[in-house]
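Colleague: Need the 3D shape of this:
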Amino acid sequence: GAAGAVPPLVGYAAATGSVAVPALWLFAIVCLWTPPHFWALALLLKDHYRRANVPMLPVVAGERATVRRIVAYTALLVAATAVPVATGTFGLLYLGAALALGGLFLVMAWGLFRAPTTRGAAALFHYSLLYLALLFVAAAIDPLL
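Modeller: Below you'll find the predicted structure:
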């Protein structure tokens, strides 16, 4: 996830001329977001990975283990997104968005755990894209209010 998490650092540095704590939080959030996002996609493509002999988690550990990890990482992600508020990096608008968006992410991950389906994995994957975009919008707007 670190390679995919570098753009917030680069963007922040380009906009401010330095890398500060808010950029580091955004980096950390993307690092924690990447596994449940990518594993949901991997569930959708597991047969392709298997045929190509690519050792993705659903292929080597199975669907159940993958979904268990998705739930665990999503819970960790939701908890971690609240920490920047406690440190004063982001405020209440961001916190509300983080908890609401993260709560839905966790509910969807739990739903996939309870009843793993291709449709559920696709919904979780697509929601994860919206989740990250809206969370970052909240992080950008929060200091303006």
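
Colleague: how about the helices of the chain, start to end?
Modeller: 2-16, 21-44, 46-51, 57-60, 63-86, 92-114, 118-141 (DSSP state H).

Colleague: Excluding chain neighbours, give the residue nearest to Pro8 in space.
Modeller: Leu26 (3.7 Å; Cβ to Cβ, 6 or more residues apart in numbering). To be clear about C-beta, it is placed using only N, CA and C from the backbone, and glycine gets the same treatment.

Colleague: Contacts only, for the one you found.
Modeller: 5, 8-9, 12, 136, 139 (Cβ atoms under 8 Å, 6 or more residues apart in numbering).

Colleague: Please apply the same query to Phe27.
Modeller: Taking Cβ under 8 Å, 6+ apart, one finds 2, 5-6, 8-9 in contact with Phe27.

Colleague: That one and Phe136, how far apart?
Modeller: As for Phe27, its distance to Phe136 is 12 Å (criterion: Cβ to Cβ, to the nearest Å).
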